[in-house]
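>>> give me the fold of what follows.
(one chain, ligands or ions: 2)
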Amino acid sequence: MTRIYDRVALIGLGLIASSMFWAMKRNDVAGHVTGFARSAETRDTARRIGLCDTVCDSLADAVNDADLIVLAVPVGVMGQVAAEIAPHLKPGATVTDVGSVKRQVITDVSPHIPDGVHFVPGHPLAGTEHSGPESGFASLFDNRWCLIVPTEDSTPDAVDRLMRYWQALGSNVDTMEPDHHDLVLSVTSHCPHLIAYTMVGVADDLRRVTDSEVIKYSAAGFRDFTRIAASDPTMWRDVFLTNKDATLEILGRFTEELFALQRAIRQGDGDFLHDYFTRTRAIRRGIIEAGQDTDAPNFGRTR
Ligand SMILES: NC(=O)c1ccc[n+]([C@@H]2O[C@H](COP(=O)([O-])OP(=O)(O)OC[C@H]3O[C@@H](n4cnc5c(N)ncnc54)[C@H](O)[C@@H]3O)[C@@H](O)[C@H]2O)c1
Ligand SMILES: O=C(O)C(=O)C[C@]1(C(=O)O)C=C[C@@H](O)C=C1
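Ligands and ions are numbered 1, 2, ... in the order given. From the prediction side, this is the model:
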C-alpha cells in the first residue's frame, strides 16, 4: 500500500487529471478522490466512466475536505480557480498544480492561498495530443519525470509528501526553480510544439498548390509534426501567452540557427550541414542510451 493522501480533489477533469485518477487507483495512492469540471457534460462523462469516487457539482464540495487539491486546468485560468477554492480549503491541506508553465502560475495562484494551507507547484513531463476526461490512462506517468517547483513559502514536509505522491504514481521526481523550469521547458517542449504547429500550417497553405499531395503522401517526419500539432488549442495558447519571455528568447536562437542552415544550403556548404547533423544525431543517441526515450521504436532492443 502506497497511500500518501487520504482525500484528493482533482479540478479540471482532462487528460492529466484522469490519468492521475487511474494511476492513484492502480497503486492505492489516495483514499477518496473527488473531481470537479466546469462543464456539466464533462461531469456527466466522468460519472459514466467511473472517473473519480465522487464527481461534485461545485468547486466548494470538491475541495472542502481534501488533503491534496490538484489544479489541472489550462494555465491561463489557474489564478481564477485558486481564488474560487480559497475560502473552502481545509487548514493543513496542500494545493498543487500540473501546469506546463510555472512562474506565471506561481504569480497567479500564490496570493489566493490562505494561511495554514501549503502551495507546492508541480509539472509532470508526460502527455499526449489528446484531451478531455476519456483520454487518460494509468501508465501515463510511468518512468516520466515530474518536476516539483517549490515557492519560497513551500514547507519541506509538504514538498517531500508531494514528491512521494508523484513517485507512487510511477514518476521520477526532481525539484527545479521556476524561471529555470520555464526556460528548460521552452527548449524541450514549448518551442518544439510551436515549430510543429508552424510546419503543419505551412503544409496546409501549400495544399492549395500541390493538390493535397503533402497530406496524402505525408512521410513519417511530417506525421510526427501533425501529431504534436493536434494538441489542445486552449492549453497551448495559454502556454505561449504565459511563457512569453522564454519562448521569444528560444525562438530568437532557433531563427539564427535556421538562417545558418539556410545559408549553408544556398552556398552548397555540405561540411557545415554534415557536421551539424552529426552533432544532433549524437544528442538523440545520448537520450536513448540514457534510457530516457521509452517511445523509441528500438527501445530495449539488444540487436
Ligand atoms: N496535455 C499535456 O500533454 C500536458 C502535460 C503536462 C501538463 N499539462 C498541463 O496540465 C493542465 C491540464 O491539461 P490537460 O492536458 O489535462 O487538459 P485537458 O484539456 O484535457 O483538460 C483540462 C480540463 O480543465 C477544464 N477547465 C478549463 N477551464 C476550467 C475552469 N475555469 N474551471 C474548471 N475547469 C476548467 C476543462 O473543461 C478540461 O476538463 C494544463 O495546465 C497543461 O498545461 C498538460
Ligand atoms: O507527448 C506529448 O504529446 C506532449 O506533448 C507532452 C508534453 C511534452 O512536450 O513532452 C507536453 C506538454 C507538457 O507540459 C509536458 C509534456
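
>>> what ranges does the stretch 51-200 of the chain have for its helices?
Ranges of helices in the stretch 51-200 of the chain, per DSSP state H, counting those that start in this stretch, are 59-63, 78-85, 103-109, 156-168, 178-185, 191-210.

>>> reformat those as TSV; add mean neighbour count, distance to ligand 1 and mean pLDDT.
Using the backbone N, CA and C atoms, a C-beta is placed for each residue, glycine as well. Output for the helices of the stretch 51-200 of the chain, formatted as TSV (neighbours: other C-beta atoms under 10 Å; distance: least, C-beta to the nearest ligand atom, whole Å; pLDDT from 0 to 100):
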stretch	mean neighbour count	distance to ligand 1	mean pLDDT
helix 59-63	19	8	98
helix 78-85	20	5	98
helix 103-109	21	8	98
helix 156-168	18	12	98
helix 178-185	19	10	98
helix 191-210	15	9	86
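
>>> figure out which of those helices is closest to Met20.
For the helices of the stretch 51-200 of the chain, proximity to Met20 was assessed by C-beta to C-beta; helix 156-168 is nearest, at 9.5 Å.

>>> hey, C-alpha coordinates of that closest one in CSV?
Written as CSV, here are the backbone C-alpha positions of helix 156-168 (Å, rounded to 0.1, in the frame of the first residue of the first chain):
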residue,chain,number,x,y,z
PRO,A,156,9.9,20.9,3.3
ASP,A,157,7.3,18.5,4.6
ALA,A,158,4.7,19.4,2.0
VAL,A,159,7.3,19.3,-0.7
ASP,A,160,8.5,15.9,0.4
ARG,A,161,5.0,14.5,0.6
LEU,A,162,4.1,15.7,-2.9
MET,A,163,7.3,14.1,-4.2
ARG,A,164,6.4,10.8,-2.6
TYR,A,165,2.9,11.1,-4.2
TRP,A,166,4.3,11.5,-7.7
GLN,A,167,6.7,8.6,-7.1
ALA,A,168,3.7,6.5,-6.1
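
>>> ok now stretch 27-42, how far from the chain's centre?
How far stretch 27-42 lies from its chain's middle: 18 Å, per C-alpha atoms, centre = their mean, to the nearest Å.

>>> any buried residues in it, and which?
Within stretch 27-42, the residues that count as buried by 16 or more other C-beta atoms under 10 Å are 27, 29-30, 33-37, 42.

>>> could you list the domains of this structure?
Taking automatic domain parsing as the criterion, the chain consists of the domains 5-176, 180-289.

>>> any idea which of the ones you listed is most buried?
Compared across the domains of the chain, domain 5-176 shows the largest average neighbour count, a mean of 20 (mean count of other C-beta atoms under 10 Å).

>>> picking that back up, check the domains of the chain for me: which has the lowest mean pLDDT.
The minimum mean pLDDT among the domains of the chain belongs to domain 180-289 (a mean of 91).

>>> just want the most central residue of this structure.
The chain has Ser100 as the residue nearest its centroid, 4.7 Å off, counting by C-alpha atoms, centre = their mean.

>>> ok, that residue touching Val75?
Yes. The pair Ser100 / Val75 is scored as a contact, 6.2 Å apart, by C-beta atoms under 8 Å.

>>> any common contacting residues for the two?
Common neighbours of Ser100 and Val75, counting by C-beta atoms under 8 Å, 6 or more residues apart in numbering, are 235, 239.

>>> list the contacts for the residue nearest to the centre of the chain?
75, 123, 185, 189-190, 235, 239, 243.

>>> ok so, going back, filter the buried residues of stretch 27-42 down to the ones in strands?
30, 33-36 (DSSP state E).

>>> what's the closest of those to ligand 2?
Closest to ligand 2 out of those is Gly35 (20.6 Å), distances taken as C-beta to the nearest ligand atom.

>>> wait, isn't the closest one in contact with Arg47?
No. Gly35 is not in contact with Arg47 according to C-beta under 8 Å; the separation is 9.5 Å.

>>> distance of Ala230 from Trp145?
23 Å (C-beta to C-beta, to the nearest Å).

>>> for Thr175, that is, sorry about that
11 Å.

>>> give me every residue in the stretch 51-200 of the chain lying close to ligand 2.
100, 125-129, 189 (C-beta under 6 Å from any ligand atom).

>>> ok, the residues you listed vs ligand 1, which is closest?
Looking across those and measuring by C-beta to the nearest ligand atom, the closest to ligand 1 is Gly127, at 1.8 Å.

>>> now do the contacts for that closest one.
15-16, 140.

>>> can I get those residues in a markdown table with distance to Ile106?
Converted to a markdown table, these look like this (distance: C-beta to C-beta, whole Å):
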| residue | distance to Ile106 |
| --- | --- |
| Leu15 | 22 |
| Ile16 | 18 |
| Leu140 | 24 |
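
>>> got TSV for the residues of the stretch 51-200 of the chain next to ligand 2, with distance to Arg279 too?
What follows is those, written out as TSV (distance: C-beta to C-beta, whole Å):
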residue	distance to Arg279
Ser100	28
Leu125	24
Ala126	28
Gly127	28
Thr128	29
Glu129	29
Ser189	21
